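Engineer: please find the sequence and the predicted model below.
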Amino acid sequence: MGMFDGKQGVVFGIANKYSIAWAITKRLLDEGARIVAGVLSEREGRKLEALLEPGRQLSARCCDLTSDAQIAEFFAAAGAELGGTLHFLVHSVAFARGEDLQGDFVNTSRDGYLLAQNISAYTLLGVARAAAPLMTAGGSIITLTYIGGERVVPNYNVMGVAKAALEANVRYLAWNLGPRNIRVNAISAGPVKTLSARGVKGFDTMHKQISERAPLGRSASPEELASTAAFLLSDASSAITGEVLHVDGGYHIMGV
Ligand SMILES: NC(=O)c1ccc[n+]([C@@H]2O[C@H](COP(=O)([O-])OP(=O)(O)OC[C@H]3O[C@@H](n4cnc5c(N)ncnc54)[C@H](O)[C@@H]3O)[C@@H](O)[C@H]2O)c1
């Protein structure tokens with residue numbers, strides 16, 4: 001019997017097999033969950049379908065989270081497909097322009113700043129607002145953040161500021177949705193080599209340095225992030241909300 005038998009939810013952020021959201025999705029499917037995945041493009045949807053083993057309870061629909069109309073359409077369709085009930089939501093989405101992930105932070109353009117905030121922070125509110133009415137028996141929402149939202153990580157720049165906003169969104173949403181028994185938490189993940197991570201200049205050096213300094217001598221694997229996601233999405237974490245849980249080999253406790 002799986003930990004997620006009879007549970008159903010929505011996952012955003014599967015670009016390919018390296019995506020953190022894919023590791024989380026695989027774990028949830030293995031544990032018996034039924035999932036509607038929101039993908040940015042039909043190309044991502046085809047990639048996702050190619051990854052699926054036969055008989056998996058997952059369907060994919062396109063949804064650009066910068067569009068309120070597409071979010072509404074997505075949740076209307078997902079809600080109908082899932083019989084009107086959602087138990088969990090995974091938000092594993094971020095974007096900033098390559099030019100804003102290197103060099104002088106002071107030169108970040110207004111457009112680049114707003115774009116990063118919109119996709120990487122505001123979208124959590126957009127999907128939480130659409131999901132909440134379907135979480136009729138309570139629910140659990142998670143997002144993915146990074147220590148660059150708490151401390152300076154050179155080149156993470158505008159995304160660090162967006163992650164700080166995302167983590168504040170987690171706390172305000174947890175307060176706001178708590179009375180409906182909807183929990184909202186973030187996983188602050190150690191570096192993982194994904195498509196998005198490769199957009200940050202010097203990512204490989206940062207990954208090496210962080211892994212060397214972490215008490216466990218390594219970052220977290222996608223599977224370890226998926227285990228924490230399963231915990232936060234399940235009733236095992238039923239009194240935890242508004243939390244930013246570091247899953248990074250302990251790197252965040254280090255002073256130097
Ligand atoms: N990889 C890391 O080292 C690391 C560390 C900590 C946190 N994170 C966070 O994990 C999350 C997932 O990133 P990842 O590393 O798996 O990379 P990824 O590139 O595989 O995933 C990012 C996803 O965001 C989606 N996306 C971007 N713009 C979108 C939009 N407008 N609408 C809908 N979806 C959109 C992309 O399609 C993609 O699926 C991000 O929030 C990232 O900041 C990653």
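Structural biologist: Now that the structure is in, tell me what you want to look at.
Engineer: from now on I want contacts and neighbour counts done on CA atoms only, so please keep to that.
Structural biologist: Will do.
Engineer: so how far is Met135 from the nearest residue to Ser41 once chain neighbours are set aside?
Structural biologist: The shortest distance from Ser41 to any non-neighbouring residue, by Cα to Cα, 6 or more residues apart in numbering, is to Cys62 (5.7 Å). According to Cα to Cα, to the nearest Å, Cys62 stands 21 Å off from Met135.
Engineer: now swap in Gly126 and tell me
Structural biologist: Distance from Gly126 to Met135, by Cα to Cα: 15 Å.
Engineer: also Ala94?
Structural biologist: Distance from Ala94 to Met135, by Cα to Cα: 24 Å.
Engineer: and the helices in the stretch 151-256 of the chain?
Structural biologist: For the stretch 151-256 of the chain, helices defined by DSSP state H, counting those that start in this stretch occupy the ranges 157-177, 203-213, 222-233.
Engineer: wondering if the longest one reaches the ligand at all.
Structural biologist: I take that to be helix 157-177. No - figure legend: helix 157-177 not in contact with the ligand (Cα under 6 Å from any ligand atom); closest approach 7.7 Å.
Engineer: what does stretch 243-252 give?
Structural biologist: No - for a cut-off given as Cα under 6 Å from any ligand atom, stretch 243-252 has no contacts with the ligand; the smallest distance is 8.9 Å.
Engineer: what residues of that stretch count as buried?
Structural biologist: Across stretch 243-252, burial judged by 16 or more other Cα atoms under 10 Å covers Glu243, Val244, His246, Val247, Asp248, Gly249, Gly250, Tyr251, His252.
Engineer: which of the residues you listed fall within strands?
Structural biologist: Judged by DSSP state E, the subset of the buried residues of stretch 243-252 located in strands is Val244, His246, Val247.
Engineer: so which of the residues you listed comes closest to Thr25?
Structural biologist: Closest to Thr25 out of these is Val247 (17.5 Å), distances taken as Cα to Cα.
Engineer: I figured the closest one hits Ser188, correct?
Structural biologist: Yes - with contact defined as Cα atoms under 8 Å, Val247 reaches Ser188; the gap is 5.9 Å.
Engineer: before we move on, the earlier item: tell me the one of the ones in strands among the buried residues of stretch 243-252 nearest Leu225?
Structural biologist: Among these, and counting by Cα to Cα, the member closest to Leu225 is Val247, at 6.7 Å.
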